[in-house]
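Q: Sequence and computational prediction follow.
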Amino acid sequence: MNEVKSPKRPMLYYALIALTVLLLLNTIVMPYIQNASVTEVDYNQFLTMIEGGKIEEVEIESNKITFSDTDGNIYVTAPVTDLGLVDRLHNANVKFGSDIQQQMSPLVAFLMSWVFPIVIFAGLGYYLNKRLMDRAGGGPGSMMFGMGKSNAKIYVKSTEGIRFSDVAGEEEAKENLQEIVEYLHDPGKYKEIGATMPKGILLVGPPGTGKTMLAKAVAGESNVPFFSMSGSEFVEMFVGMGASKVRDLFRQAQEKAPCIVFIDEIDAIGKRRDGSLVGGNDEREQTLNQLLTEMDGFEENLGVVILAATNRPDALDPALTRPGRFDRRVPVELPDLKGREDILKVHAKKIKIGSDVDFNKIARMAAGASGAELANIVNEAALRAVRDGRRFATQADMEESIEVVIAGYQKKNAILTDKEKLIVSYHEIGHALVAARQTNSAPVQKITIIPRTSGALGYTMQVEEEGNHYLMSKEELENKIATLTGGRAAEEVEFGSITTGASNDIEQATKLARAMITRYGMSDEFDMVAMETVSNQYLGGDTSLACSADTQALIDRKVVELVRRQHEKALQILRDNKAKMDELAEYLYFRETITGDEFMNILNRKPIPREIPMMEEESEEETAGSGGDQPQAPEVSGKD
Ligand code: ADP
Ligand code: ZN
């Protein structure tokens, strides 16, 4: 809640201004107005007027003499030493009075002392309030006066000139949204026929896939105002503020129609309402209710289109997705190979690149990466080029930055003992060798034992030859598990002892094995019965069990069995290829990084005559990788 802090300083500031204005009024303006009706005369004239009997009343002060004539005019004169003055005044029958100069017209006096200050303060107060309201939802101070009120300026955001052409690889989403663009160009056309546009469209997909970009692009393409607010911004400290923000947002949007209203992270307010929770989140619920009311309230075909983004569609309140609300759903998925290539190209336009950059290859290496990650990869490459004092980014920069994005920066000063280095070499070769000796494994792209800031001591990168896989067979999944256990298996075969280096492998293998049994129906026991449901498809794929405790125990046993079977298979493969493993591990130990080609060359050459390496192309079938129904990071077996 950034709005709580320091509304005091501006308040003090404005109070000071008010005080200054008042003082100025009193010292400069008021006397001026009063003096306007006072005539200054010299002493001689004063005496003449006394003699002429024209003076009615007089007030003598040490620094001035004020007097009024019989017509009520007021005069003032400077006093001189005149001992006979009092006698003279007595003789002329002049009254001695006080406070002559205060005799302004009662109306002016009233205006001056009451109306004027009030007007000034009211004006100041209004200005103040407006200033503070302008900052509602942002800067300090909005809470004090801007309570629940806000100003159009906050919501209308720049689309940054983003067009559909800037969003790469989301062709279906763009096609879907094209209709909205046409509608916003000419809402009347739709009204004529009687067709109604959906009021709300939900952009659904994992983080960083370009949902915000798409919303901006729709506004940009239709050339209409873009109102934007994040769901979390609605949820305020005080109950009721979120709701009034919603009200304001919609009021402004209706004034500016046709326009786009974009609500990012709508799940922050649109979460399934939970009746059971004692003292649940009132604020969020009110905000959501207000949103629903507003959506129902505004006229169809007014030209207001609400886009909302979420990566947790399953968590949304069903009331939000009912017809008439967010009833259209546009999936914005992780990009496929072609999409990744296009996104890389879009972002590479912003930097200088060398002629050797192979976008297809980079896209293949970055399987499972989101648009945001790809943008990051390109930027990292450019940064690396600058660091090395080059004028453009090369393929090597790109490849290195993929590794940075996956595994973190190289930790050049991490010192491994020779023994540790040897263990890591065997571990990584174990992964690679098991992968290579099975059919249906993605080819090895690179093996390295340079430690990374992520904590990985080395890794083996496998890259799909053809990019995306949408289906994975049971065998492929089993092979993948075997590959994951290969690192640990190599340690066992070579050293007869085990290390902590396999923790990441273990985690991945367990996840896969579990999914096979509980979700993919790949066990004999459970046939095609789902034991788990994915509750959070786009964020890590959290699952929740839906079975009895007995079944859970059985599942656990089955998972262990499955992993153990694959682990044994890996051990067998490595024992059978012990000589090759030694050769490769030694090679990796000295080189620290080897390419997939080098690996295959050594693997395929005949062991005895080392001088003549065989170059035969044993085609390892490409499989595994980003598949199944769950987006995955680029496939890195044995990140540790
Ligand atoms: P989301 O809203 O889905 O989390 P954003 O739209 O904020 O993702 O995307 C974040 C950044 O990632 C964008 O600013 C852009 O640089 C990059 N990006 C994401 N998707 C794409 C895409 N399809 N094409 C080009 N750039 C993309
Ligand atoms: Zn490993």
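A: Structure's in. What do you need? Numbering: from 1, shown residues only. Ligands and ions are numbered 1, 2, ... in the order given.
Q: so which strand or helix has Ile594?
A: Ile594 is part of strand 593-595, with elements assigned from DSSP states H and E.
Q: ok, now Ala432?
A: Per DSSP H and E: Ala432 is located in helix 418-436.
Q: How about Lys95, nearest residue that isn't a chain neighbour?
A: Setting aside the residues directly before and after it, Lys95 is nearest to Glu57 in space (C-beta to C-beta, 6 or more residues apart in numbering), at 4.4 Å. For the C-beta atoms, the positions are set from N, CA and C on the backbone; glycine is no exception.
Q: before we move on, the earlier item: list the buried residues for the helix holding Ala432?
A: For helix 418-436, burial by neighbour count (16 or more other C-beta atoms under 10 Å) applies to 421-436.
Q: Kindly report the same for stretch 70-78.
A: Neighbour counts over stretch 70-78 (16+ other C-beta under 10 Å) mark 74-77 as buried.
Q: Quick check: phi and psi on Phe526?
A: Phi and psi for Phe526, reported as degrees, to the nearest 10, are phi -100, psi 0.
Q: coming back round to it: find out how far the helix holding Ala432 is from the centre of the chain, if you would.
A: With C-alpha atoms, centre = their mean, to the nearest Å as the basis, helix 418-436 stands 40 Å off its chain's centre.
Q: Show me what that helix is packed up against.
A: Packing contacts for helix 418-436, counted by 3 or more C-beta pairs under 8 Å, 6 or more residues apart in numbering; DSSP states H and E, involve strand 444-448, strand 459-462, helix 474-495, helix 549-576, helix 578-591, helix 596-604.
Q: And the ones you listed, which one averages the lowest pLDDT?
A: In terms of average pLDDT, strand 459-462 trails the rest of the helices and strands packed on helix 418-436, at a mean of 83.
Q: Go ahead and name everything in contact with stretch 589-600.
A: Applying C-beta atoms under 8 Å, 6 or more residues apart in numbering, the contact partners of stretch 589-600 are 421-422, 425, 432, 436, 443-450, 463, 584, 587-588, 618.
Q: What residues does this structure have near ligand 1?
A: Counting by C-beta under 6 Å from any ligand atom, the positions of the chain adjacent to ligand 1 are 167-170, 207-213, 309, 343, 346, 371-372, 375.
Q: out of these, which are buried?
A: By neighbour count, with 16+ other C-beta under 10 Å, these hold 167-170, 208-213, 309, 343, 346, 371-372, 375 as buried.
Q: Farthest pair within those?
A: Maximum pairwise distance in those, criterion C-beta to C-beta, is 19.9 Å, between Ala309 and Val346.
Q: from the chain's centre, how far out does the strand holding Ile594 sit?
A: Counting by C-alpha atoms, centre = their mean, strand 593-595 comes out at 37 Å from the chain centroid.
Q: give me the residue from the stretch 201-350 of the chain nearest ligand 2.
A: Residue of the stretch 201-350 of the chain nearest ligand 2, by C-beta to the ion: Leu334 (24.4 Å).
Q: Verify the contact between that residue and Gly210 for me.
A: No - counting by C-beta atoms under 8 Å, Leu334 sits too far from Gly210 to count as a contact (10.3 Å).
Q: hang on, the earlier thing: mind listing what's buried along the strand holding Ile594?
A: Going by neighbour count (16+ other C-beta under 10 Å), the buried part of strand 593-595 is Ile594.
Q: Could you spell out the sheet neighbours of that strand, each with its direction?
A: strand 444-448 (antiparallel) (DSSP bridges).
Q: State the phi and psi torsions of Pro323.
A: Main-chain dihedrals, Pro323, degrees, to the nearest 10: phi -50, psi 140.
Q: That one - how many residues pack around it?
A: Neighbours of Pro323 under the rule other C-beta atoms under 10 Å: 9.
Q: before we move on, what about Leu545?
A: Per other C-beta under 10 Å, the neighbour tally for Leu545 reads 13.
Q: list the contacts for it?
A: Applying C-beta under 8 Å, 6+ apart, we find Leu545 in contact with 518, 531-532, 552.
Q: what are the phi and psi values for the residue of the stretch 201-350 of the chain closest to ligand 2?
A: phi -60, psi 140.
Q: cool, and Leu471?
A: phi -120, psi 140.
Q: any idea how far Gln252 is from it?
A: Distance of Leu471 to Gln252, given as C-beta to C-beta, to the nearest Å: 48 Å.
Q: Neighbour count: the two, which is higher?
A: Just comparing Leu471 and Gln252: by other C-beta under 10 Å the higher neighbour count belongs to Gln252, 21 against 9.
Q: was I right about the more buried one contacting Phe227?
A: Yes - between Gln252 and Phe227 there is a contact at 6.8 Å, judged by C-beta under 8 Å.
Q: quick one: buried residues of the host helix or strand of Val108?
A: Using DSSP H and E, Val108 falls within helix 106-110. Applying a neighbour-count criterion of 16+ other C-beta under 10 Å, one finds nothing buried in helix 106-110.
Q: Checking my notes, Glu57 in a strand, right?
A: Yes - assessed by DSSP: H, G, I helix; E, B strand; the rest coil, Glu57 belongs to a strand.
Q: Surely it and Phe67 touch.
A: Yes - the criterion here is C-beta under 8 Å, and Glu57 meets it with Phe67 at 6.5 Å.
Q: So for these two, which residue has more residues nearby?
A: Phe67 (25 against 18).
Q: got the phi/psi numbers for that one?
A: Dihedral pair for Phe67: phi -150, psi 160, per degrees, to the nearest 10.
Q: burial count for the closest residue to it other than its chain neighbours?
A: Closest residue in space to Phe67, ignoring its immediate chain neighbours: Val58 at 4.1 Å, by C-beta to C-beta, 6+ apart. By other C-beta under 10 Å, the residues close to Val58 number 22.
Q: and Asp314, helix, strand or coil?
A: Three-state call for Asp314 (three-state DSSP): helix.
Q: do you know how far the residue lying farthest from the centre of the chain is from ligand 2?
A: Of all residues in the chain, Asn91 has its C-alpha farthest from the mean position, at 90.9 Å, by C-alpha atoms, centre = their mean. With distances taken as C-beta to the ion, to the nearest Å, Asn91 is found 121 Å from ligand 2.
Q: what's the farthest-apart pair in the buried residues of stretch 70-78?
A: Spatial extent of the buried residues of stretch 70-78 (C-beta to C-beta) is set by the pair Ile74 and Thr77 at 11.2 Å.
Q: Need the residues touching each of those two.
A: In contact with both Ile74 and Thr77: Phe67, using C-beta under 8 Å, 6+ apart.
Q: ok, now how distant is the residue of the stretch 151-300 of the chain at minimum distance from ligand 1 from Pro335?
A: At 2.8 Å from ligand 1, Gly210 is the closest residue in the stretch 151-300 of the chain, using C-beta to the nearest ligand atom. Going from Gly210 to Pro335 by C-beta to C-beta gives 9 Å.
Q: what is in contact with the two at once?
A: Counting by C-beta under 8 Å, 6+ apart, the residues touching both Gly210 and Pro335 are 170, 371.
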